[in-house]
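*Asks:* please work out how this folds:
(one chain, ligands or ions: 3)
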Amino acid sequence: MSKHISILGSTGSIGTQTLDVISMYKEDFIIESLAAGSNLPLFVEQINTYHPKKVSVANKSLAEQLKPLISSSIEVFYGDEGLIEVAANTNATFIVNALVGSQGLKPTISAIEAGKHIGLANKETLVTAGHIIKQLTQIHGVDLLPIDSEHSAIFQCLNGESHSEISKVTLTASGGSFRDRSRKELVGVTVEEALSHPNWSMGAKITIDSATMVNKGLEVIEAHWLFDIAYDKIDVVIHPESIVHSFVEFNDRSVIAQLGNPDMRVPIQYALTYPRRLKTSTEPLDLTLLGRLNFNQMDYERFPCLKMAFDCGKRGGSATTVFNAANEVAVSRFLKGEIEFLHIEKIIYKVLEKHDVKVFPQLDELLEIDKWARVSACNVPSSS
Ligand SMILES: NC(=O)C1=CN([C@@H]2O[C@H](COP(=O)(O)OP(=O)(O)OC[C@H]3O[C@@H](n4cnc5c(N)ncnc54)[C@H](OP(=O)(O)O)[C@@H]3O)[C@@H](O)[C@H]2O)C=CC1
Ligand SMILES: CC(=O)[C@@H](O)[C@H](O)COP(=O)(O)O
Ligand SMILES: [Mn+2]
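*Replies:* Ligands and ions are numbered 1, 2, ... in the order given. Reported below is the predicted structural model:
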């Protein structure tokens, strides 16, 4: 029987690769709805290929531009409400959240409340409101399947294992675009240089996050919520090849790792077809060709954002919401050329410094705090 799917963020890196996987297994999937931001040419192509019943774009003007380009039988929505419509009000049973940033939170909540299972790439959702999402998945009995490569790896390592027998979960980090540079050598780096990831081709925001090591910080918090692991049992190592996607150590000192060539279509497909493992078009992994794999200790002075993320995770409550929101604004300012690369971490630090952590915030409180953090991050001067 075909699985009915909706994709939020279908025009992005994860969204397009999700559609690649679906194209390989056309009989197994029906696309109910798609949401994109502003890439209309690609979106029109996707709509004409996959024939969704509902679609959504970022705003009203884009929705008006889209309507004459697609079949009049397709319902067109826009904005936050459009995302919720696509996420919750269709016959889809499985939603892929491939949006970037904490705008993924509200549609995820609506989807869970509507009983949809979720394939989650959008880590910012769990970093912003992990406790709320976890509680809702339990209340509504929905699965939250990881798409992020490290979390898919951990999910696979934990298959059939007992949670109480885990002694440590280790996330691997490539080191990002500037892994071979000292902190001094980060002064004056360009946006173009920062956008050049050594192993993965991804959207702009996550590529910058990878260079600052914020991405690994977000992933530590994501792992905490997905797998209910205490922060002192989560570790990060630098693994420049991105072949071992993460590993888990158990009480008996056995370590289970998941390996594969860096290709996001593999974890995306696993989330879509779980628990089945269907063929992918990715190259087989030949360890003899690689010869060796490298692992280095994380240097928290070189990558202070990762230390900040651990601290926020341990403080809990609204701390991770503020960490995420400040980072989103700082990255956007860097991409616009407003600030230096090293200023990203300063902005996060300064906004966190001003925040009094709220321990068990409700959703409306978190949304207010998120807004406050964004305004504060915008107001940090570009040279301070
Ligand atoms: N790329 C990767 O390999 C990985 C990504 N992730 C995570 O997955 C998520 C997506 O990342 P990635 O695919 O790289 O990001 P991209 O920037 O490539 O894609 C983001 C998607 O969100 C859409 N979007 C942006 N703004 C809006 C809006 N206002 N309304 C509706 N849609 C919007 C974009 O639409 P449009 O382009 O049309 O404007 C696009 O479809 C992130 O959370 C990232 O951290 C996790 C692991 C790996
Ligand atoms: C592919 C994926 O899951 C990314 O989140 C990846 O992990 C980024 O690479 P870094 O290891 O450099 O953060
Ligand atoms: Mn990842």
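*Asks:* so residue 237 sits in a strand?
*Replies:* Yes - judged by DSSP: H, G, I helix; E, B strand; the rest coil, residue 237 forms part of a strand.
*Asks:* what are the bridge partners for it, then?
*Replies:* Taking DSSP bridges as the rule, residue 237 bridges to residue 172, residue 297.
*Asks:* residues contacting it?
*Replies:* Residue 237 is in contact with 170, 171, 172, 173, 295, 296, 297, 298, counting by C-beta atoms under 8 Å, 6 or more residues apart in numbering. In this view, the C-beta of every residue, glycine as well, is placed from N, C-alpha and C.
*Asks:* I only care about these that end up buried; give me the PyMOL line for that.
*Replies:* Listed next is the PyMOL selection for buried residues among those, using 16 or more other C-beta atoms under 10 Å:
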select buried, resi 170+171+172+173+298
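*Asks:* and of the contacts of residue 237, the nearest to residue 180?
*Replies:* Distance to residue 180 across these (C-beta to C-beta) is lowest for residue 296, with 11.6 Å.
*Asks:* near ligand 2, from the contacts of residue 237?
*Replies:* residue 173 (C-beta under 6 Å from any ligand atom).
*Asks:* tell me which stretches of the stretch 51-200 of the chain form strands.
*Replies:* Ranges of strands within the stretch 51-200 of the chain are 54-57, 75-78, 94-97, 117-120, 144-146, 166-173, based on DSSP state E, counting those that start in this stretch.
*Asks:* turn those into JSON lines, including mean pLDDT.
*Replies:* Below are the strands of the stretch 51-200 of the chain laid out as JSON lines (pLDDT from 0 to 100):
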{"stretch": "strand 54-57", "mean pLDDT": "98"}
{"stretch": "strand 75-78", "mean pLDDT": "98"}
{"stretch": "strand 94-97", "mean pLDDT": "98"}
{"stretch": "strand 117-120", "mean pLDDT": "98"}
{"stretch": "strand 144-146", "mean pLDDT": "98"}
{"stretch": "strand 166-173", "mean pLDDT": "98"}
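*Asks:* and the closest residue to residue 100 other than its chain neighbours, how many neighbours?
*Replies:* Excluding the flanking residues, the one nearest residue 100 by C-beta to C-beta, 6 or more residues apart in numbering is residue 205, at 5.1 Å. Applying other C-beta atoms under 10 Å, we find 19 residues neighbouring residue 205.
*Asks:* OK, contacts around the residue of the chain found nearest ligand 1?
*Replies:* Residue of the chain nearest ligand 1, by C-beta to the nearest ligand atom: residue 12 (1.9 Å). Each residue near residue 12 by C-beta under 8 Å, 6+ apart is listed here: 37, 98, 99, 100, 203.
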